[in-house]
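> with the sequence up front, the predicted model follows.
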Amino acid sequence: MRNILKMLLISSLCFTFASNAKAESTKPTEANTQNIPYEIKLHLPKNQVEGIKSFFDINVKPGTTQTFEVSIQNLSPEDIKIGIESANAINSPRGGIVYKKEKGDQYSFLTDDSFYMDEHINVANEIVIGPHQSKKIPVVVNIPDSREKGTLLGGIIFKDLTERERNVSKESGQLSLKGKIELAQALGIKMNLSSSAETIPLDVNNASNRVIPSGAFIEFELENSNADIVEDISFSYKVIDKKENMIFKGEIPEFNVAPKAKVSMEIPWTGETYQPGEYKLILQPSFEDQPFISDFSINREDVKTYAAETGQKVYVPILNLPVYAWFIFVVLLLIGLYLSYKYGKKKTTNKDNSIDAT
């Protein structure tokens, strides 16, 4: 009987330990401390909005062409090669507007293709600048005639394409490598049409859980249906479990939203534990009186992925075991009880036989 009980106990412990997810992380990181070896100077046009000097902010009319200039100063004692490309303005999942050559991705894009500006901004592909020299490049913007109201937003990306040697530490010595170390800068171009478009409230939707190599996040969709930039929005948030216990809370600082932008915003999971269960996101936007409330869940696979991607040690409570695991456990328990019953019955029979023999 004792042996059977020990076997059952060991089986239970095996299920408990099997539910613990752990992974080792060996991802190296390397800080790039090299400074950008060039400087960009804007030659502001006459139709530049007064007081704005760090980017082009111009008043334009549909169907016209705008030309302005940018100077690039080489700050280094060697030749540099600068790659230049036009860019679109979309929103980052962490907040704020970013400039990319691509027309977005599954997490951030524009809902109206006519607001992508990369094909309307024309610049040289690349230039070479001598040591401590400066070159002036023209930027030509064709204002589309398909829209009369709102704001068109695009940009230019400058990339240092110069091959350089850098030393990389490798145990006992230094390893010299030669290659491209891409250092980039973006310059925004904001084109204000003759009149502002009608203002529509921002839309917040669909909270969900997502795990990526850098950690776990709660996502929610943010959409700007306006033809204008929406400025200085912020959020406060809290996450609670189904018993309404506070898991964590925080804030998303002020940022701007590009015209016609739709983005899956990311809230990093900062709770002390990352457990399977049902949760609720309570999100208070600065532009609404009422909070946005959405339910979301974390399952066992999410926790396993989180452990594998981040190297964090997490524990899944045994009560969260899947149905098949409980079924196996119950079957083992019933077998154990049956064997215990048969063993006890056999022992009683042998004792009775022994008494009859005497």
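Nice, I can see it.
> can you pull out the low-pLDDT segments for this protein?
1-34, 164-182, 312-327, 341-358 (pLDDT under 70).
> how many neighbours does residue 155 have?
24 (other CB atoms under 10 Å). From N, CA and C alone the C-beta is placed, and that goes for glycine too.
> for the helix or strand hosting it, name the packing helices and strands.
Taking DSSP states H and E as the definition, one finds residue 155 inside strand 151-160. Taking 3 or more CB pairs under 8 Å, 6 or more residues apart in numbering; DSSP states H and E as contact, the helices and strands that strand 151-160 lies on are strand 38-43, strand 80-91, strand 97-100, strand 121-122, strand 183-192.
> now that strand, how far from the chain's geometric center?
In this view, strand 151-160 has its centroid 22 Å away from the chain centroid, taken as CA atoms, centre = their mean, to the nearest Å.
> note down every partner strand of it and its orientation.
For strand 151-160, sheet partners with direction are given as strand 80-91 (antiparallel), strand 183-192 (antiparallel), following DSSP bridges.
> wait, doesn't residue 66 sit right on residue 60?
Yes: with contact defined as CB atoms under 8 Å, residue 66 counts as touching residue 60 (5.9 Å).
> hey, what's in contact with both of those two?
Common contact partners of residue 66 and residue 60 (CB atoms under 8 Å, 6 or more residues apart in numbering): 47, 141, 143, 191.
> and the gap between the third one and residue 158?
Plainly put, residue 143 is 23 Å away from residue 158 if you go by CB to CB, to the nearest Å.
> with residue 102 instead?
In this structure, residue 102 lies at 17 Å from residue 158, with CB to CB as the measure.
> between these two, who's got more neighbours?
Between residue 102 and residue 158, counted using other CB under 10 Å, the more crowded position is residue 158 (23 against 11).
> dump the residue contacts of residue 212.
Contacts of residue 212 were listed using CB under 8 Å, 6+ apart, and they are residue 309.
> all helices of the protein, in order?
The residue ranges that make up the helices of the chain, judged by DSSP state H, are 2-18, 300-310, 323-357.
> comparing the helices and strands packed on strand 151-160, which comes out most buried?
Each of the helices and strands packed on strand 151-160 was scored by mean neighbour count; the highest is strand 80-91, a mean of 21, by mean count of other CB atoms under 10 Å.
> quick one: that one to chain centroid distance?
21 Å.
> that one to strand 38-43, inter-axis angle?
Taking axes from the mean of the first three to the mean of the last three CA atoms, to 10 degrees, one finds strand 80-91 and strand 38-43 inclined to each other by 60 degrees.
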